[in-house]
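[1] From the sequence below, what's the structure:
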Amino acid sequence: MTEFLQVSTATENREAAVKLAQSVVSARLAAGAQIVGPVVSVFWHQGEFGTGEEWQLLLKVRADRYDEIEAHLLERHPWQNPEVSAVRIVAGSSAYLRWVETTTAPV
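    This next block holds a predicted model:
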């Protein structure tokens, strides 16, 4: 049985988030993407405390393709060390999960 993840990352502006979403969805690594923002982030970066606005990107993916998705995002992300993280989708409607599975099946 196929397992599914929601992969997230963030960018500094809407345009970068849309470009990254289009890249990963058109490559059929993610069935769909949602862009949320702006969101406020509070963080430590290079030893300094900071806050800033970001645009969060949420991707619906097959767990067995995570390594490909991570590599794709890291290669195309505008930041040097971006967040790329995933959480398991433990339940969902069967029709929705079937859509994610078939849309992102390896060719």
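
[2] Can you list the buried residues in stretch 76-87?
    Across stretch 76-87, burial judged by 16 or more other C-beta atoms under 10 Å covers 77, 84, 86. No exception for glycine: its C-beta is placed from N, CA and C like everyone else's.

[3] mind checking the end-to-end distance for it?
    Chord length of stretch 76-87, first to last residue, is 21 Å (C-alpha to C-alpha, to the nearest Å).

[4] Equivalent analysis for stretch 23-37, please.
    First-to-last residue span, stretch 23-37, C-alpha to C-alpha: 19 Å.

[5] Would you mind listing the buried residues in it?
    For stretch 23-37, by 16+ other C-beta under 10 Å, it's 23-25, 29-33, 35, 37.

[6] Neighbouring strands of the helix or strand hosting Phe49 in the sheet, and parallel or not?
    Element membership of Phe49, judged by DSSP states H and E, is strand 48-62. Paired neighbours of strand 48-62 in the sheet (DSSP bridges): strand 4-11 (antiparallel), strand 32-45 (antiparallel).

[7] Also compute the angle for whichever helix or strand comes after that strand relative to strand 4-11, please.
    Following strand 48-62 in sequence order, the next helix or strand is helix 66-76 (DSSP H and E). Relative orientation of helix 66-76 and strand 4-11, computed by axes from the mean of the first three to the mean of the last three C-alpha atoms, to 10 degrees: 10 degrees.

[8] where does the protein have low pLDDT?
    1 (pLDDT under 70).

[9] could you give the angle of the longest helix seen in it to helix 66-76?
    In the chain, taking DSSP state H as the definition, the longest helix is helix 14-26. Per the same axes, to 10 degrees, the angle that helix 14-26 makes with helix 66-76 is 140 degrees.
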